[in-house]
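*Asks:* Sequence first, predicted model second:
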Amino acid sequence: MQKNNTSRGRLIAAIILIICAVIIIVIAIRFVRHRMAYAVTDAVFVRTDSLVSVGFNRVSGRVETINRKAGDPVREGEVLGRLDDTSYRLTVEQLKAALAAVENKRQNKKLFLRRLRQETNLNQKIAASRLTKLKKQKGAVTFQIAAAEVEIEQLQRDNARYQNLLPRQAVSHSQAENVSTSLRAKELARNALRQQAAAIGASVLTSRYQLQLTTVEKQRLKETTKEIKVLTDKIKETQAALQSARYDLAQCVLKSPLNGRVAKRFVSPGALVSPRKVVFSLINPGDIYLIVLLEEQKLAGVEPGSPVNITIDAYPGNDYKGVVETILPASAATFALAPRDISAGEFTKVSQRIPIRIRITKGNTARLRVGMGGEVEIKRQENQKNAVDGSKDGS
């Protein structure tokens, strides 16, 4: 009886051992097949291209308010903080006042130029018209003087003849006196015409001076036009300075350039900051991706577009999926701070790791944090995998 029990126990133990061996073999086969179908690695790092450092560009001063702390969500355009903008606001007001003063001065110059141009044109027309009229009057008076000279010469001859005939009593005294009187009257008329001609000549000279004065006024027009141009240039300079001052004033308000979260805050209210000093580091969860450092022996069958199963260490129960976006063209060791020196000829074979960028297609990326680690399984492409298996069989 005891012998039978011993035999049965051995049989059961043998069956259990066989079952365990079968289970181990099945598990080993499944493990090998899984490793043949997937490239597996735990050299996984959460990364992002949108880790943005923001600060008060171009301006410096005392931080008045800070509205967010590390970990807080932010929206694009949201105010994150403010500087004390008293000096910048004062600069804007001063430039606005200066601009208004220059614009007012230019406007007055334009009004003066318009009035001066009208007056100059009118004075020129009046002087030219008066000069033309005076020249005509002078011509007429000159003609009258010439006619008077002719009459005087005739009267002088008549007077001489009458004076010669008077002693002989060939003419009467009254006739001689009439001729003499007519001669004196004509001489007086001629002298009056000469004085009139002299007066007209003075008026002509005055009109010419007035025309010359309009030339001087035209020079003033040119000078005033130059002054207006200088004021216009000054207005442009002031406007540019005002625009720059307004931009600086706007820079006293720090706004978020993206929708995301605050990765880190570097200053607190009351701190003094200089231009481009980092105040916040922001991150966009929508730009989260994975960098996988895959051993070069596991690259067979891994191609852009290969599906990826992702396990994040911090969230082992969450289902994340992804796809291979690109295989970077250099190994991770290529860009090491202290690269290997093989110039001496000493060389030890080291398995290189190739960086692979993986885009996350499924899962809550808002929970991921830059720097987290995990594990990935990259599905090998069938054509590549079969080519590798065939090459192994041929060898």
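*Replies:* That came through fine. Residues are numbered from 1 along each chain as shown.

*Asks:* going forward, measure contacts and count neighbours with C-alpha atoms only.
*Replies:* Noted.

*Asks:* Kindly list the single helix or strand of this protein that scores lowest on mean pLDDT.
*Replies:* Sorting the helices and strands of the chain by mean pLDDT, DSSP states H and E puts helix 382-394 at the bottom, at a mean of 49.

*Asks:* Using the three-state scheme, assign V370.
*Replies:* Assigned state for V370: coil (three-state reduction, DSSP: H, G, I helix; E, B strand; the rest coil).

*Asks:* tell me the contacts of it?
*Replies:* 45-48, 288 (CA atoms under 8 Å, 6 or more residues apart in numbering).

*Asks:* Quick one: list the elements packing against the strand or helix carrying K226.
*Replies:* Using DSSP states H and E, K226 sits within helix 173-251. Packed against helix 173-251, as judged by 3 or more CA pairs under 8 Å, 6 or more residues apart in numbering; DSSP states H and E, are the following elements: helix 86-165.

*Asks:* who does the helix it packs on touch, helix- and strand-wise?
*Replies:* For helix 86-165, the contact count by 3+ CA pairs under 8 Å, 6+ apart identifies helix 173-251 as packing neighbours.

*Asks:* Partner strands of the helix or strand following the helix it packs on, with direction?
*Replies:* Past helix 173-251, heading to the C-terminal end, the next element that is a helix or strand (DSSP H and E) is strand 253-255. Based on DSSP bridges, the strands next to strand 253-255 in the sheet, each with its direction, are strand 79-83 (antiparallel).

*Asks:* got any ranges where the stretch 1-150 of the chain has weak pLDDT?
*Replies:* When residues are selected by pLDDT under 70, those of the stretch 1-150 of the chain lie in 1-5, 31-32, 34-35.

*Asks:* please redo it, this time with the cut-off set to 90
*Replies:* Across the stretch 1-150 of the chain, the stretches falling below the confidence threshold (pLDDT under 90) are 1-43, 47-53, 57-58, 70-73, 113, 116-150.

*Asks:* swap in the stretch 251-395 of the chain?
*Replies:* Low-confidence segments of the stretch 251-395 of the chain, defined by pLDDT under 90, are located at 257-261, 263, 275-276, 283-288, 294-302, 314-319, 327-354, 362-372, 377, 379-395.

*Asks:* can you pull out the strands in it?
*Replies:* Using DSSP state E, counting those that start in this stretch, the strands found in the stretch 251-395 of the chain span residues 253-255, 260-265, 272-273, 278-283, 288-295, 307-312, 315-327, 353-362, 373-379.

*Asks:* As CSV, could you dump the C-alpha coordinates of the second one?
*Replies:* What follows is strand 260-265, C-alpha atoms only, in CSV (Å, rounded to 0.1, in the frame of the first residue of the first chain):
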residue,chain,number,x,y,z
GLY,A,260,0.1,75.0,-21.8
ARG,A,261,1.5,74.9,-18.2
VAL,A,262,4.1,76.7,-16.2
ALA,A,263,7.2,74.4,-16.0
LYS,A,264,9.1,76.8,-13.6
ARG,A,265,8.9,80.3,-12.2
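
*Asks:* tilt between it and strand 278-283?
*Replies:* Between strand 260-265 and strand 278-283, the angle comes out at 140 degrees (axes from the mean of the first three to the mean of the last three CA atoms, to 10 degrees).

*Asks:* Run through who's touching strand 260-265.
*Replies:* Counting contacts by CA under 8 Å, 6+ apart, the residues touching strand 260-265 from outside are 68-75, 279-286.

*Asks:* Show me what counts as buried in stretch 39-52.
*Replies:* Neighbour counts over stretch 39-52 (16 or more other CA atoms under 10 Å) mark 39-48, 50-52 as buried.

*Asks:* I misspoke; the intended subject was stretch 189-205.
*Replies:* Neighbour-count burial for stretch 189-205, with 16+ other CA under 10 Å as criterion, is recorded at 190, 193-194, 196-197, 200-201, 203-204.

*Asks:* Kindly report the same for stretch 116-131.
*Replies:* Within stretch 116-131, the residues that qualify as buried are 116-117, 120, 123-124, 127-128, 130-131, counting by 16+ other CA under 10 Å.

*Asks:* Then stretch 84-91?
*Replies:* Neighbour counts using 16+ other CA under 10 Å place 84-85, 88-89, 91 of stretch 84-91 among the buried residues.

*Asks:* wait, which of these is closest to Y247?
*Replies:* Nearest to Y247, judged by CA to CA, of the buried residues of stretch 84-91 is Y88 at 9.6 Å.

*Asks:* if you skip the residues just before and after it, what's nearest to that closest one?
*Replies:* Closest residue in space to Y88, ignoring its immediate chain neighbours: L249 at 5.5 Å, by CA to CA, 6 or more residues apart in numbering.

*Asks:* That neighbour contacts T86, correct?
*Replies:* No - counting by CA atoms under 8 Å, no contact exists between L249 and T86, whose distance comes to 9.1 Å.

*Asks:* Pull the number of nearby residues for the residue nearest to P73 when sequence neighbours are not counted.
*Replies:* Distances taken as CA to CA, 6+ apart put R261 closest to P73, at 4.2 Å, once the chain neighbours are dropped. Counted with other CA atoms under 10 Å, the burial measure for R261 works out to 22 neighbours.
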